[in-house]
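>>> Okay, here's the prediction I keep looking at, along with the sequence it came from:
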Number of protein chains: 2
Amino acid sequence: MNHSTSQTQRIKQHLSTSYLFKKLPENIVIHFAEKAQLKHADKGEILFLQGDEVEWFYFMVDGWVKLFRQTVEGEEVVIDILNANNMFGENFIFSGENYNYGAEIASEATYIKLPTSLLKFYLAKEHQISFNMLENMSQQQQIQSREIEHLNIQNAPQRIGCYLLKICPHELKNPIKLQLPYDKTLIAAKLGMKPETFSRALARLKKDLSLTIDRSLVTIPSHENLAEYVCNACSQTIACN
Amino acid sequence: MNHSTSQTQRIKQHLSTSYLFKKLPENIVIHFAEKAQLKHADKGEILFLQGDEVEWFYFMVDGWVKLFRQTVEGEEVVIDILNANNMFGENFIFSGENYNYGAEIASEATYIKLPTSLLKFYLAKEHQISFNMLENMSQQQQIQSREIEHLNIQNAPQRIGCYLLKICPHELKNPIKLQLPYDKTLIAAKLGMKPETFSRALARLKKDLSLTIDRSLVTIPSHENLAEYVCNACSQTIACN
């Protein structure tokens, strides 16, 4: 599907912020933009299900998307929750014909879908795309490795604290006021906790560090205390937020 | 360092079994073999520590190596335990100048070390190397993603059961007799369990499935029962061993 030049330009502008198109010749980005579709979606819309044939990969313009799997017994496992500027689904071109997770819009969102076939075509021609993907995959690998470490080593209150630290603003001034980006059930799922474990751990964290939480607004009296509470149980040697 | 032609040939034969050199022109593999070093090491030898400058990447010929990190509080986290035909350290060329984990020989081993600089050189010249690395990283990513899922969803006896399923021989005939590849403390660490959690979970697994364990020899009366016990709490839809 080709669309109007202004729509192509608009999509191209969004795509240019993605890691995948870094340092690529403009005509290639335009080619992707021509073949892409810009979409709006409401919460709950399914982009694809685990097992569906891989045909598109996705770039988030705004809103949130949840990547998830289901166990044989029917339990849902949240793989990730992504927002603006994140791409997903592109790595499946190396691993078979079917998505091995599903994707569901978690809050009203705008996204771009791009054909996997075009990525395959340029991957064989344009070395820079391989580099971009390698760099990005290696970063993702490190993030996953850290996540495994935290699941092994940190207790539940520390894992919630680590999540809060990561969404802290870069300019820090105590007390810190934070807006939770999506609802607590999803945060619990992302951290791999049952809702009741999450509630207990959150209560513990509030008590230990005198946090207050009013709906989605969190107030942290001391960033330093939170960092000490969390980061002593981590092997990361440089600041991670 | 260049060594004798026979040594280069020997190293080249080993390297040819690695994913990295798949479909590469022979002269490139020979160039790597010339610059590589074949080494023997005893249990406990440190190959590099977290924070060391990245200079070499490694290929295991036999034996086991443990990849690990330390938290600020000094607790050790086992990232992985690798044996023959596994490569490690090569992905650091995309992520900075220092190893972000350490590597220690876990049982008497033979390994090959290769200069990272040569990999960087060929990565820019030879598209096939990028492909090989992309394919491999994408597989590693899926394995890590599954590991995160299991840490979230499976209980401790199921995770030990899953480990046993993965080391089962491909030709299955009940009862199955398995030799544990390395000692139980390391298996516990790899599964992210404290020794006491591991012991309790193993006792539970033995009871539930009538397993017997005599030192490092495990006898599993029914593969089907073990698979049912473990795999209902997994989202993998095809057999994984």
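On my side now, so go ahead. Residues are numbered from 1 along each chain as shown, chains lettered A, B, ... in the order given.
>>> Would you agree A:Trp56 is in contact with A:Leu118?
No - the criterion here is Cβ atoms under 8 Å, and A:Trp56 misses it with A:Leu118 at 10.2 Å. Yep, even glycine has a C-beta here, placed from its N, CA and C like the rest.
>>> of those two, who's got more company?
A:Trp56 (20 against 16; other Cβ atoms under 10 Å in any protein chain shown).
>>> Name the nearest residue to that one, ignoring sequence neighbours.
Spatial nearest neighbour of A:Trp56, chain neighbours left out: A:Lys113 (4.4 Å); criterion: Cβ to Cβ, 6 or more residues apart in numbering or on different chains.
>>> so what secondary structure elements neighbour the helix or strand where the one you found lies?
A:Lys113 is located in strand A:102-115, with elements delineated by DSSP states H and E. If contacts are counted by 3 or more Cβ pairs under 8 Å, 6 or more residues apart in numbering or on different chains; DSSP states H and E, strand A:102-115 sits against helix A:5-15, helix A:26-35, strand A:37-41, strand A:46-48, strand A:56-70.
>>> Which residue ranges of chain A form strands?
A:37-41, A:46-48, A:56-70, A:76-82, A:87-88, A:102-115, A:176-179, A:212-214, A:217-220 (DSSP state E).
>>> Pipe these into TSV and attach mean pLDDT per row.
Formatted as TSV, the strands of chain A follow (pLDDT from 0 to 100):
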stretch	mean pLDDT
strand A:37-41	97
strand A:46-48	98
strand A:56-70	96
strand A:76-82	92
strand A:87-88	98
strand A:102-115	97
strand A:176-179	92
strand A:212-214	93
strand A:217-220	94
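>>> Let's have the ones you listed in JSON lines, adding distance to B:Gln179.
JSON lines is the format used below for these (distance: least, Cβ to Cβ, whole Å):
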{"stretch": "strand A:37-41", "distance to B:Gln179": "52"}
{"stretch": "strand A:46-48", "distance to B:Gln179": "42"}
{"stretch": "strand A:56-70", "distance to B:Gln179": "32"}
{"stretch": "strand A:76-82", "distance to B:Gln179": "32"}
{"stretch": "strand A:87-88", "distance to B:Gln179": "40"}
{"stretch": "strand A:102-115", "distance to B:Gln179": "39"}
{"stretch": "strand A:176-179", "distance to B:Gln179": "51"}
{"stretch": "strand A:212-214", "distance to B:Gln179": "52"}
{"stretch": "strand A:217-220", "distance to B:Gln179": "51"}
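>>> Which among the ones you listed is found nearest to B:Ser16?
Nearest of the strands of chain A to B:Ser16, taken as Cβ to Cβ: strand A:56-70 at 33.3 Å.
>>> Name the strands paired with the closest one and say parallel or antiparallel.
Partners of strand A:56-70 in the sheet, by DSSP bridges, are strand A:76-82 (antiparallel), strand A:87-88 (antiparallel), strand A:102-115 (antiparallel).
>>> Could you check how far that strand is from the centre of its chain?
How far strand A:56-70 lies from its chain's middle: 8 Å, per Cα atoms, centre = their mean, to the nearest Å.
>>> Buried ones in it, by neighbour count?
Applying a neighbour-count criterion of 16 or more other Cβ atoms under 10 Å in any protein chain shown, one finds A:56-61, A:63-70 buried in strand A:56-70.
>>> ok, the residues you listed vs A:Lys12, which is closest?
Nearest member of those to A:Lys12, counting by Cβ to Cβ, is A:Phe59, at 11.6 Å.
>>> Report the beta-bridge partner residues of the closest one.
The partner residues for A:Phe59, given DSSP bridges, come to A:Met87, A:Ile112.
>>> Could I get the contacting residues of it?
A:His14, A:Leu15, A:Ser18, A:Asn85, A:Asn86, A:Met87, A:Tyr111, A:Ile112, A:Leu114 (Cβ atoms under 8 Å, 6 or more residues apart in numbering or on different chains).
>>> can the biggest helix by length in chain A be found next to chain B?
Ordering each helix of chain A by length in residues (DSSP state H) puts helix A:127-153 first. Yes - interface with chain B: helix A:127-153 contributes A:127, A:130-131, A:133-135, A:137-142, A:144-145, A:147-149, A:151-153 (Cβ under 8 Å from any Cβ of the partner chain).
>>> Also compute the angle for that helix relative to strand B:56-70, please.
Angle of helix A:127-153 versus strand B:56-70, following axes from the mean of the first three to the mean of the last three Cα atoms, to 10 degrees, is 30 degrees.
>>> Show me what counts as buried in helix A:127-153.
A:129-134, A:136-138, A:140-142, A:144-153.
>>> same question, stretch A:68-78
Neighbour-count burial for stretch A:68-78 [16+ other Cβ under 10 Å]: A:Phe68, A:Arg69, A:Gln70, A:Thr71, A:Val77, A:Val78.
>>> how far away is the residue nearest to the spatial centre of chain A from B:Ala188?
For chain A, the residue nearest the mean C-alpha position is A:Leu82 (2.7 Å; Cα atoms, centre = their mean). Distance, A:Leu82 to B:Ala188, using Cβ to Cβ, to the nearest Å: 33 Å.
>>> right, so of the strands of chain A, which gets closest to B:Asn100?
strand A:76-82 (20.9 Å).
>>> for that closest one, the distance to its chain's centre please.
On Cα atoms, centre = their mean, the centre of strand A:76-82 falls 9 Å from that of its chain.
>>> Return the alpha-carbon coordinates of that strand using PDB.
Provided in PDB are the C-alpha atoms of strand A:76-82 (Å, rounded to 0.1, in the frame of the first residue of the first chain):
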ATOM      1  CA  GLU A  76      -0.600 -15.100  31.200                       C
ATOM      2  CA  VAL A  77       3.100 -14.100  31.300                       C
ATOM      3  CA  VAL A  78       4.000 -10.500  30.500                       C
ATOM      4  CA  ILE A  79       7.200 -10.300  28.500                       C
ATOM      5  CA  ASP A  80       7.400  -6.600  28.200                       C
ATOM      6  CA  ILE A  81       5.500  -3.300  28.200                       C
ATOM      7  CA  LEU A  82       6.700  -0.800  25.600                       C
END
